[in-house]
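Undergrad: requesting a structural model of the entry that follows:
(one chain, ligands or ions: 1)
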Amino acid sequence: MVVSGKKTMLLVLVSTFLLGLLSVSCLAELQRFEHAAKPDGSLSFLVVGDWGRKGLYNQSKVALQMGIIGEKLDVDFIISTGDNFYDRGLTGIDDPAFHQSFTDIYTAPSLQKQWYNVLGNHDYRGNVEAQLSPILTKMDSRWLCLRSFILNAGPDMAEFFFVDTTPMVDKYFIDPEDEVYDWKGVLPRENYIKNLLMEVESALRESTAKWKIVVGHHTIKSAGHHGNTVELGIYLLPIIQAYDVDLYINGHDHCLEHISSTESPIQFLTSGGGSKSWRGDIKWWNPQEMKFYYDGQGFMSVEMTQTEVDVNFYDVSGNVLHKWSTSKQLSSAM
Ligand SMILES: *[C@@H]1O[C@H](CO)[C@@H](O)[C@H](O)[C@H]1NC(C)=O
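TA: Numbering: from 1, shown residues only. Predicted coordinates for the structure are as follows:
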């Protein structure tokens, strides 16, 4: 009897341990990636959004200029702010749009770098798992797309927090019009959003990077066609303000835009000019905050060191339309 009592005890202990493991894995941390800076300690990258249209609507022209600027800045990687494939994401891993809109378009040698992609609302209208599939990475080694993840560059010079914003927007659930969204892996929605925000907050809290950059598809602040995304203002903005995020980078509005904030040092940068643009409906915005708005196609570059960040916006011809810089002191620990 004593022996079996011990066995029962052991079983209880083991199952308690397993349950513990299970609850830990439910609050899984965001997947992390690392990207080394250049030997001189600097880092540069391009940002493009809302692009996959098989080269049409000036997508190819933007790609050509990205190649030229990418070479000039010797970019380390490219960030895509989502809406990677129009109109309805990819149909599957064998959808030729992957080649027609990505591999065969961004062909310049300087763009043969790692691409870090998030999903946009149009991507959710297709087969989401296809875009997340490692099989795409096998077909084109530049491709990396996750719903949400963290990229540490430097090490610890810049930390990027890529956030899946589409599930946060009520409209796609309440009033999807005639569109069908692929919510596999997202439902129940409340849990998904709650966990994601907790993960982002804990990662921001623990970050020791000099520069903190949050990337999402949807706008927080924008004077463009879609305007502000109310849900992100409620869910995401308080977190990114609390942890001193330097830049919020997004797409969704098909324009190039820079809005600063009278309340915090954060800069809101929209790079959604990867293809179709010229929407023509611009809302009024406080001129004290509105630094730049361009309704046409283009992209953005960021160059950074431990102490300085330089942002540039370019049009389809590679002209610099807007420049912005900021600097920080090296911390005394360094
Ligand atoms: C392509 O870019 C040129 C130059 O900005 C512009 O005049 C033209 O309207 C654009 N085409 C489309 C389809 O947006």
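
Undergrad: got a list of what whichever residue of the stretch 1-150 of the chain sits closest to the ligand touches?
TA: Here the stretch 1-150 of the chain gets closest to the ligand at one residue, Asn58, 3.9 Å apart by Cβ to the nearest ligand atom. C-beta: built from backbone N, CA, C; applies to glycine. Going by Cβ atoms under 8 Å, 6 or more residues apart in numbering, Asn58 touches Ser275, Ser277, Gln297, Val316.

Undergrad: may I see the buried residues of the helix or strand harbouring Ile234?
TA: When elements are assigned from DSSP states H and E, Ile234 belongs to helix 230-235. Judged by neighbour count (16 or more other Cβ atoms under 10 Å), helix 230-235 contains these buried residues: Glu231, Leu232, Tyr235.

Undergrad: so how far is the strand or helix carrying Val302 off the chain centroid?
TA: Per DSSP H and E, Val302 falls inside strand 298-304. Between the mean C-alpha point of strand 298-304 and the mean C-alpha point of its chain there is a distance of 14 Å (Cα atoms, centre = their mean, to the nearest Å).

Undergrad: okay, it in CSV with CA atoms only?
TA: Extracted in CSV, the C-alpha atoms of strand 298-304 (Å, rounded to 0.1, in the frame of the first residue of the first chain):
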residue,chain,number,x,y,z
GLY,A,298,6.9,55.3,-52.9
PHE,A,299,8.7,53.8,-50.0
MET,A,300,10.7,54.7,-46.9
SER,A,301,14.3,54.1,-45.7
VAL,A,302,15.7,54.1,-42.2
GLU,A,303,19.3,54.4,-41.3
MET,A,304,20.4,54.1,-37.7
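
Undergrad: which other residues reach it?
TA: 42-48, 62, 65-66, 69, 73, 75, 157-158, 211, 247, 249, 256, 269, 271, 273-274, 309-316, 321.

Undergrad: can we see that at 7 Å?
TA: Contacts of strand 298-304 from elsewhere in the structure, counted by Cβ atoms under 7 Å, 6 or more residues apart in numbering, are 42-48, 62, 66, 69, 73, 157-158, 211, 256, 269, 271, 273-274, 309-316, 321.

Undergrad: do stretch 149-163 as well
TA: Looking at stretch 149-163 with Cβ under 7 Å, 6+ apart, the contacting residues turn out to be 30-35, 37, 43, 116, 118, 146, 148, 200, 203-204, 207-216, 236, 304, 306.

Undergrad: can you show me the strands along the stretch 101-250 of the chain?
TA: For the stretch 101-250 of the chain, the strands identified by DSSP state E, counting those that start in this stretch occupy 114-117, 143-145, 149-154, 158-163, 211-216, 247-250, in order along the chain.

Undergrad: mind putting those into JSON lines with mean neighbour count, mean pLDDT and distance to the ligand?
TA: Listed next are the strands of the stretch 101-250 of the chain as JSON lines, based on neighbours: other Cβ atoms under 10 Å; pLDDT from 0 to 100; distance: least, Cβ to the nearest ligand atom, whole Å:
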{"stretch": "strand 114-117", "mean neighbour count": "21", "mean pLDDT": "98", "distance to the ligand": "23"}
{"stretch": "strand 143-145", "mean neighbour count": "21", "mean pLDDT": "98", "distance to the ligand": "26"}
{"stretch": "strand 149-154", "mean neighbour count": "20", "mean pLDDT": "98", "distance to the ligand": "31"}
{"stretch": "strand 158-163", "mean neighbour count": "26", "mean pLDDT": "98", "distance to the ligand": "28"}
{"stretch": "strand 211-216", "mean neighbour count": "26", "mean pLDDT": "98", "distance to the ligand": "25"}
{"stretch": "strand 247-250", "mean neighbour count": "26", "mean pLDDT": "98", "distance to the ligand": "21"}
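
Undergrad: now the ones you listed in CSV, with distance to Asp182?
TA: What follows is the strands of the stretch 101-250 of the chain, written out as CSV (distance: least, Cβ to Cβ, whole Å):
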stretch, distance to Asp182
strand 114-117, 16
strand 143-145, 14
strand 149-154, 19
strand 158-163, 18
strand 211-216, 18
strand 247-250, 21
